[in-house]
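quick one: sequence plus predicted model below, questions after.
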Amino acid sequence: MPLPNAAEVLASPGLVDDYLPLPNCFDEMRPGAGEVRPQWRYLLDALRTLGPAGIEERYREAARMFRDNGVTYNLNGDTKGMSRPWELDLLPLLIRSEEWAVLERGLMQRAELFNLILLDLYGPRDLIKRGLLPAELIDGYPEYLFPCHGIEVAGRRPLVHYAADLTRTPDGEWRVIGDRAQSPLGAGYALENRVVLSRVIPSLFRDSHVHRLAGFFRTMRRTLTRLAPGRDGHTRVVVLTPGPQSEAYFEHAYLANYLGYTLVQGGDLSVRDGALWLRTLGRLERIDAVLRRINSSDSDPLELREDSYLGVPGLVQAVRAGNLVVANALGSGVLEHPGLMAFLPGLCRHLMGEDLHLRDTPTWWCGDPRARTYVLANLNELVVKLAGKPPGRRCVFPAEMDAAARAALVSAIQAAPHRYVAQERVTPSTAPTLIGQRLEPRPITLRTFLCAEDDGYAVMPGGLGRVALATGGAALVSNQLGGIGKDAWVLASEPERQESLLISGEAQSPTVTQESEVSSRVADNLFWIGRYAERAEGLVRLLRMTIFKLSERADLVTTKPDTYFMRSLLEALTHQTQAFPGFIGAGAEARLRSPLPELLSLIADPARLGGLPQTLQALGLAAYSVRERLSVDTWRIVSDIETRLHALTGNPPTQPSQALDELDPLVTSLVAFSGLTQENMTHNEGWHFLETGRRLERGAALAGLLRSTLTPLNSELDEATLIEAILGVTDSTITYRRRYRAGTRVGALLDLVLQDEGNPRALAYQLIALEKLVTEMPKGELAVGRTPAQKLVMKCLTGVRLAEIDTLAQADPHTHRRIILERVLKDLESDLAAISDALTGQYFRHEEQPHSLLRRVGVVK
Amino acid sequence: MKYRISHRTRYQYAEPVSLCHSLVHLKPRQGHYQRCLLSQLRVDPWPAVNREHEDFFGNRVNYFSIQQPHEALEVTAVSEVEVTRPNIPDLSRTPAWELVRDLLGDREHPRLATKQIFTLPSPQIPLDAAARAFAAASFTPGRPLLEATCDLMARIFTEFAYDPHFTTIATPIAEVMEHRRGVCQDFAHVAIAGLRGLGLAARYVSGYLETLPPPGQAKLQGSDASHAWFAVLVPELGWIDFDPTNNLIPGEQHITTALGRDFHDVTPMRGIFYGGGSHELTVAVDVNRVEG
C-alpha cells in the first residue's frame, strides 16, 4: 500500500475544500458544500497542526505496529497467506454521544429480541406453532440444530455475544444490514485498532474524550464467570478455535490472551465423565466454559456434523448434563438466517410488545409466495442472499449479472424458494478516509458488539469500522472484513467529568495475568519452534561459510584443483538439509564442480525440501500456531524473519556476494529469536519444550556436521581449512584461537566442540542442558524411575564424557577414515533422534483421530 | 399383542479402544397403539456415564461413554411392548390429497404448523425430482390421500428390488431411484421423498417386525432384525403407517422404536471411538411373543 502523502491537501487551511461527498450518500463529516459537522472540527484542526510530515510519520508508525504485532486477517483461509497485514485508516469515525445513546438503545433491543427468539426456537417453538415464523425458514436451515433442542442453558441469555453491522441511509438514519450471532468476529480487531490509534495520536485521542473499550471486555469476562462459576470459585475458560488456518486466527489468539483464557483446538479437548477436559502435559484440566469460535454444527461429531473434527465428541452431552457452558449457546447460528429480518418487526411486537427502535433493511423471504412474486419482479433493485452459505459470502447482485446468470438465479429461486432472501440495496454512508494522497469519501459500515450482562446487554462504545476501497455500494455490503479498518470514537458529551479517567488511552495491560495451561499441542509446537529455529540458524551459518570458502577459493585462483575440504563442506550441506541427491547422490560430481546453482537453490527455492525457505516457513507456521504464547518482541522477530523470507524467495540472489548479503541479517534475526525466547519467556513448562527442541537440534546438527567432515582423512592443508570452517559454523573460532595457539588440529577441535561442557556450542553442553530439561519435565503417570528420554540423555552424555579424544582423532590406516569417530557420532545421532521420539511419545501423543461407529444396523425383509 | 424384544449389538475391535461415546435410539417410545412396559439397556463394559433424554421428536435417547480401554463393546436392549392396532381406516374415504397439501401449506391459518417440519427436506432426504415424479404417478387428481399412498407403497414393493448388498447407510436417494434397489430404509426414504415432494407430511419410523418361522419349524434365535417404514399425516386421523418393504399397512406385528424425519434422526446406534483400528459388527435381534 502506498504511503499517503496527504501533505498538500491537509496542510492547506482549506483542508476539506477538496473533499466532495458522493452524490446521494450521507457523509459522516460533511453535511453539504462548505460545511463540516461540529464533532469533526477538532480532529481536522489537529490533523492540520500535525502537518503532512507528522501525518505520514503517524501512518508509518501505525503500519509498523500492526506488522510488529502480527495483526493479520487471513481472507482465504490460506495457511501460506498468513501474513496479510491489517490496515487501519488514521481517521476514526466520529459519533456524538447523544446519537450513540439512541443507537445503543436500538441495539440492546435487537439483542434482547434475538435472544428471545433463540430461547423460543430451542424451547417451546411457540413462534412456529403460532405461524409467526414459518417452519421452513427454521427447520430447513442447517444451523438449526435439532439435537440442541430442549437443552437447558445457563442464565437467561444463551445469546451471550451478538454483533450488528450498521450503516446509514442517505437520510442519515442508521440501518442494520446484517446480524452476527454464531460467534461474532471483530471485537478483537476493534480493540487492536483502538490500541494502535491511541498510541499513534495520543493527544488527539486524549483530548477527544473518547469512550473506552476495556470495560466491554471486562463485561465479557464477568458474564462467562457468572454463567459458569467453576467448582472452586475459579472459572476455567477456553477459546475454541478452528486453528491457524482460520481466517480470524489472529483475533482468536488475541482475545484469548487479552481475556486470560487458554486458546485450544478441538483435539486438545476431550469429554469424560460427562464433562469437558483439556489435555495438558501429563494431566487433564476440567473446563467450565467454552468461548466458541467454531460453528455450532462443527462442535460435536457425535451429535452434530459427523464429518467435522473441529469440535469434541460428546460436547453436546456435556452441555445437556449441565457440566459445561458454551457461549454462544450451541445452535445460535440459526439467528444468522438472512430471512429472519423479514419477520423481525412482527416478532418484536409479539415478544417485546414494542416496535423495533432500529430500522431493518426491507427484506423479503422467497418462501412466502407474495414476497417471491415481488422479488422476481424487482430483482435489479435487490441484493439476493442464499441461506445456508456463510454470511458475507452469500450475496449476489442481480443488477450486475448477465442475462444467463440472472435466468439461472430465477430458476434456482423458483426451485427452492425457502432458501432465498432478498433485501433492498442500501447505499451506505461515506466517511473521510486517507486514500493515497487525499482525504476522500469512502463507503463505511460499522460492526457493533454486544455482550450479555446480568440484566440486559452491554454495548461496546465504538466498534469495528470498515471502509471499502471501491466507491460502489455493492462491494461493501458483500465484503467480510476486507477493505481498511477504521476505529470508531464515541465522543463523550461531558468532557470535564471524563477527563480524569482518560489517563493513558486504551493501552492498558490485560485485566488478568494468570498463566494458562500448556496443552500437548502447544508443547509440541513449541518443541518444533525450538528445532526449526535452531535448524535454520545452523543452516544459514553453514551456507554462509560454504559460500564464503567458495568465493575465497575462486579468488585464490586454485592451484590445487582437487581440494577436498570443499567437497566435505558441500557433502555436509546435503547431509544437513537432507536435500538429496545434492552433492552426494546422482549427478553429484557435476554439482561439485560447479556448486553455486545448488547452493542458491537451497537458499532461495521455496519448493526445495529441506532448503532454507521451507525451514523458515515451518518455523513461521509453528510460531503462528502458538502465537498467543510468544511475546510482542518475539513476534516482531518472527515478522522480520518472514519479511526476509519473502525477500529471499521473491528476489532470489544470483551471485555469492548477494547471497551473503541476504544471509547475514538472517543470522542476526535468528540469534535474536533464540535470545528472546531465552530471556523473555517465562521458564515454564512450555519453555522447557522449546529449549529441548533447540538443544536436541543443535546436538544432532553438530554430530552430523562433524561426522560428514571429519570422517575422511584429508591432507593437512585441507583439514586445517575444514577445521576453520567448522569453527566458523559453530561460532567457536575465538575460543579456539585463544586456547590452542599452535595451529589447527582435529584433536583440539573435538576437545572444544565435542567434549567441552562449558562451550555453549559443544555437544556436551547440549547434553547437559538436555539432562536438566528432561528431568524437570512433568512426569504425570510415569512417576517412578527415569523416563526413557532421561535414560537416553544419560547414555549420550556418558558416552561423550568417556570418549578418548586421541582415539577419536586416529584414522584407520587402511581405509584412511576415522572409523571410531564415525561410529561414536552415528550412535549419538540415532540416540538424539530416539530422545525426540521418546518425548513425542510421552508428551505430544494426541489421542488418535476419533472414528465413527456408524453402520447400517440390521435390515429385514 | 405383547412382545419381548432383545436387540444385541456387538463391536469387536482389532485394537483396544481408549474412549468411546455413544448415542442410541434403542428403547421403544410410547404411542397411541403401543405401550412400552419395560425397557432396559445393558452396556458391557460398564459405562462411566449413562444418561437418558428425550429428543426433539419425543424419542428416548441414551448416551453412554466408556472410558476404560476395551476391545469389545456389547449393547443389549431388552424391552417388553404391548401393541394394539386400530382398524385400518377406509382408504377411499380419506380426503383428496390436494386438500391435505393445501392445508399444510396454508400460511394464513397455520393449523398444522407443528407438522410442517415433516414436509421439508431433511439430511438424508433432499428434494429429489425422480422420487417426486415416481410418487406423482400414484397421486392422480382428487385421489383420496391414503388410497394414493397405498398405491405408492405397492409400486415401490413391485418395482424396487430388495438387495441388502447394494446400498449402505450413505447411499443417496438419487442412486436408489436410479437402480431401483435397496433395503427397507431406502424404500421408506423413497416414499417419504416422493410424498414431501408433493407437499405432504411424511415421517420415518424405525422399529422391529415379528417374523414367524415356516409352519412346523422352531424359530431361530437372533434371526429377527430391526426394520423401518414410513407414515403419512392425515388431518383428523393422524399418522398412518405403511411398510413398503412388505407392502402392508402395519398391524400388531410392527413394533415402533423411534420416529424422525429420516434414518439420520433415529440411527439405532451411533458412536465415536478413539483407537480400535478396524471393527467387526454383529447384531442379533429376537422378537418373541409373550403370552398372557
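Received, thanks. Numbering: from 1, shown residues only, chains lettered A, B, ... in the order given.

what's the helix or strand for residue A:638?
helix A:632-650 (DSSP states H and E).

let me see the mean pLDDT of whatever helix or strand comes next after that helix.
Counting by DSSP H and E, the next helix or strand C-terminal to helix A:632-650 is helix A:656-679. Computed over helix A:656-679, the mean pLDDT rounds to 90.

now swap in stretch A:611-626 and tell me
pLDDT averaged over stretch A:611-626 gives 90.

repeat for stretch A:443-455
pLDDT averaged over stretch A:443-455 gives 94.

and if you look at stretch B:203-218?
On average, stretch B:203-218 scores 89.

how about the strands in the stretch 151-292 of chain B?
B:161-162, B:181-182, B:202-209, B:226-234, B:238-242, B:254-260, B:269-275, B:279-289 (DSSP state E, counting those that start in this stretch).

quick check: domain ranges of the chain?
You didn't say which chain, so I picked chain A. For chain A, automatic domain parsing gives the domain ranges A:518-681, A:695-847.

wait, chain B was what I had in mind.
Using automatic domain parsing, chain B is parsed into the domains B:2-84+B:267-289, B:91-263.

okay, these in JSON lines with distance to chain A and mean neighbour count next?
Backbone N, C-alpha and C define where each C-beta goes, glycine included. Formatted as JSON lines, the domains of chain B follow (distance: least, C-beta to the nearest C-beta, whole Å; neighbours: other C-beta atoms under 10 Å in any protein chain shown):
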{"stretch": "domain B:2-84+B:267-289", "distance to chain A": "3", "mean neighbour count": "18"}
{"stretch": "domain B:91-263", "distance to chain A": "3", "mean neighbour count": "19"}
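
which among the ones you listed is found nearest to residue A:439?
Minimum separation from residue A:439 across the domains of chain B (C-beta to C-beta) falls at domain B:91-263, 51.4 Å.

returning to that earlier point: quick one: closest of the domains of chain A to residue A:488.
Per C-beta to C-beta, nearest to residue A:488 of the domains of chain A: domain A:518-681, 24.6 Å.

now do the longest helix along chain A against helix A:632-650, angle only.
For chain A, the helix that runs over the most residues, judged by DSSP state H, is helix A:520-556. Here helix A:520-556 runs at an angle of 50 degrees relative to helix A:632-650 (axes from the mean of the first three to the mean of the last three C-alpha atoms, to 10 degrees).

quick one: mean pLDDT for helix A:520-556?
Helix A:520-556 comes out at a mean pLDDT of 88.

what does stretch A:106-116 give?
Mean predicted confidence for stretch A:106-116 is 98.

wait, isn't residue A:773 in contact with residue A:694?
No - at 9.8 Å, residue A:773 does not count as touching residue A:694 under the criterion of C-beta atoms under 8 Å.

and these two? which has more neighbours close in?
The neighbour count for residue A:773 versus residue A:694, taken as other C-beta atoms under 10 Å in any protein chain shown, is higher for residue A:694 (26 against 23).

ok, the more buried one to residue A:575 distance?
20 Å (C-beta to C-beta, to the nearest Å).

likewise residue A:133?
On the measure of C-beta to C-beta, residue A:133 and residue A:575 end up 68 Å apart.

comparing these two, which shows the higher neighbour count?
residue A:133 (27 against 19).

isn't there a helix covering the more buried one?
No - the assignment for residue A:133, made by DSSP: H, G, I helix; E, B strand; the rest coil, is coil rather than a helix.

show the contacting residues for it.
By C-beta atoms under 8 Å, 6 or more residues apart in numbering or on different chains, the contact list for residue A:133 reads A:117, A:121, A:127, A:340, A:343, A:347.

just to revisit the earlier point, buried residues in the helix holding residue A:638?
For helix A:632-650, burial by neighbour count (16 or more other C-beta atoms under 10 Å in any protein chain shown) applies to A:634-642, A:644-645, A:648-649.

including distance to residue A:601 and pLDDT, could these go into TSV?
Shown next, in TSV, are those (distance: C-beta to C-beta, whole Å; pLDDT from 0 to 100):
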residue	distance to residue A:601	pLDDT
A:634	30	87
A:635	30	86
A:636	30	87
A:637	26	90
A:638	25	89
A:639	26	87
A:640	24	89
A:641	20	91
A:642	21	88
A:644	18	90
A:645	15	91
A:648	12	90
A:649	11	91
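
show me the shaky parts of the stretch 751-861 of chain A.
Applying pLDDT under 70 to the stretch 751-861 of chain A flags the ranges A:780-783, A:845-849, A:853-861.

could you pull out the helices for it?
Remark: helices assigned in the stretch 751-861 of chain A by DSSP state H, counting those that start in this stretch are A:763-776, A:788-802, A:805-809, A:819-839.

what do you get for chain B?
Using DSSP H, helices in chain B cover B:97-105, B:129-136, B:145-159, B:173-179, B:184-197, B:263-266.

cool, and the stretch 301-450 of chain A?
A:315-320, A:344-352, A:369-377, A:403-415.

packed most tightly, which of those would that be?
Mean neighbours per residue, mean count of other C-beta atoms under 10 Å in any protein chain shown, is largest over the helices of the stretch 301-450 of chain A for helix A:315-320, with a mean of 25.

near chain B, anything from it?
Yes - using C-beta under 8 Å from any C-beta of the partner chain, helix A:315-320 comes into contact with chain B via A:317, A:320.

and residue 110, backbone torsions?
Unless you meant another one, I'm taking chain A. phi -60, psi -40 (degrees, to the nearest 10).

look at chain B instead
phi -80, psi 70.

setting aside sequence neighbours, what's the nearest residue to it?
Excluding the flanking residues, the one nearest residue B:110 by C-beta to C-beta, 6 or more residues apart in numbering or on different chains is residue A:131, at 3.3 Å.

list the contacts for that neighbour?
Contacts here follow C-beta under 8 Å, 6+ apart; on that basis residue A:131 touches B:107, B:109, B:110, B:113.

what about the residue in the stretch 551-700 of chain A positioned nearest to chain B, how many residues close to it?
Closest residue of the stretch 551-700 of chain A to chain B, C-beta to the nearest C-beta: residue A:625 (22.5 Å). Residue A:625 has 24 neighbours, counted by other C-beta under 10 Å.

check contacts around it.
Contacts of residue A:625 (C-beta under 8 Å, 6+ apart): A:243, A:244, A:521, A:525.

distance to residue A:373 and neighbour count for those - can I get that in CSV?
Listed next are the contacts of residue A:625 as CSV, based on distance: C-beta to C-beta, whole Å; neighbours: other C-beta atoms under 10 Å in any protein chain shown:
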residue, distance to residue A:373, neighbour count
A:243, 45, 18
A:244, 47, 22
A:521, 54, 18
A:525, 56, 25
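
return the member of those residues nearest to residue B:120.
Distance to residue B:120 across these (C-beta to C-beta) is lowest for residue A:243, with 33.7 Å.

quick check: that closest one touching residue A:265?
Yes - using C-beta under 8 Å, residue A:243 is in contact with residue A:265, at 5.0 Å.
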